[in-house]
Every structure is written in C-alpha cells, then in structure tokens.
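*Asks:* Build me a model from this:
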Amino acid sequence: MPVPAPTTKTERPRGTSTEEPCLITLRKPRHAWNIDGSAKAHVPCGFQSWLRYATHHTGERDECSYVDCVNEPQVGGHVWLSRKGGQRGGPVIAPICRSCNYWKKKSTRQDGGSRSRPGAYAEAEYTEEMKTAKRRFKSTDKKAAEENAKTSDMPRRCADDAEALADGVSKLSL
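*Replies:* Sure thing, here's the model as predicted:
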C-alpha cells in the first residue's frame, strides 16, 4: 500500500472546519509573553504533549521561541503574540524551554519585554480560565503595573482579537 505524501500546512482563517490549527507566521520578532491561566488547557487528542502538538504543526526548533533564550524547547507553552499594525496576534502554542515557561520568570510576563522568534506558530484556543486569570506583571511597582495593564495588548484587547479570529478574519501578511 503506498504511503500518502505529507500534506502541506496552509494558513487559513480561524473557525474553518478542520482539525489543523491556523498558523501565524512571523517574519520579524514580535512582543510576546506567557499566558496566565493556561495550566488547565487540555492537549488535543492524538498528542502526548503541547510540545509535540506545536512541533507537529510548525516543525522542530533548535532554540526556545523567545528571542533572548538559546535553550532547547522542552514544553509547548501558551504564549500571547501581540498585534502589530493590524496584523494577527493572540494565543499560540510555542515551543519554549522550561525556564521561559516558569511562572516566576519576570521577563516572560506581560510587561517583561520578551519577543518571539520569527517562524510559524499554531493558534491556540483562548479559554475562559485564560481570559479571567489574574495578570502577573514584571513591574514590582504596583502603580506602574496598573498603568501597564491599561495600555497593554492582552487584558483589554485580547477579547477583541479572539472575537475577530472566531469570526474568521482573514490572514494578514505578517
């Protein structure tokens, strides 16, 4: 029996009827941070881990998805890619190292200044737990953290991104 040829991964609007995730491809680094409240998210059927899910859809990587890290990816982390000039962003599964996935690491928090490497990322579901999770910020100054929360991508605009993606907004060139 002939072995079927591997299928090509295509980029398509979210909400289409397929088991393949929509992919976001970055040509340049973009601000990104770990999503709070993702611990209860379930790995899709057929995958043993989020890392296997991510690498299956986006390919193997030699380094963590965060620009400033050279460690090997060890987990598939729920990461928020910021929107930039109308380009798509939102929740993705990114191959990252355990150090960058650690909840106490300040540089991968929402205002930590971390950036994602160029490459493909598989979009992830934005669960209710993620939407309502308490946000952790790098800033130790409470007033600065509150101000950052008012101007950051995630708490205020993530619901807009999720709604736009659910409505099938077409893929924009990144």
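*Asks:* And for the one helix or strand R52 maps to, what's in contact with it?
*Replies:* Element membership of R52, judged by DSSP states H and E, is helix 50-58. Helix 50-58 is contacted from outside by 9, 20-21, 23, 41, 43-44, 47, 61, 73-78, 93-95, 119-122, using Cβ atoms under 8 Å, 6 or more residues apart in numbering. In short, each C-beta sits where N, CA and C put it, glycine included.
*Asks:* mind listing the helices for the protein?
*Replies:* If DSSP state H is used as the criterion, the helices of the chain fall at 50-58, 98-101, 128-132, 142-151, 154-166.
*Asks:* Could you give the average pLDDT over the fourth one?
*Replies:* What that stands for is helix 142-151. For helix 142-151, mean pLDDT is 55.
*Asks:* For stretch 98-111, measure first residue to last.
*Replies:* Terminal residues of stretch 98-111 lie 19 Å apart, using Cα to Cα, to the nearest Å.
*Asks:* Please point out which parts of it sit buried.
*Replies:* Neighbour counts over stretch 98-111 (16 or more other Cβ atoms under 10 Å) mark C100, N101, K105, S107, T108, R109, Q110, D111 as buried.
*Asks:* The residues you listed into a markdown table, with extra columns for distance to Q87 and pLDDT?
*Replies:* Output for those, formatted as a markdown table (distance: Cβ to Cβ, whole Å; pLDDT from 0 to 100):
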| residue | distance to Q87 | pLDDT |
| --- | --- | --- |
| C100 | 23 | 97 |
| N101 | 25 | 95 |
| K105 | 26 | 94 |
| S107 | 23 | 94 |
| T108 | 21 | 94 |
| R109 | 22 | 91 |
| Q110 | 19 | 88 |
| D111 | 20 | 87 |
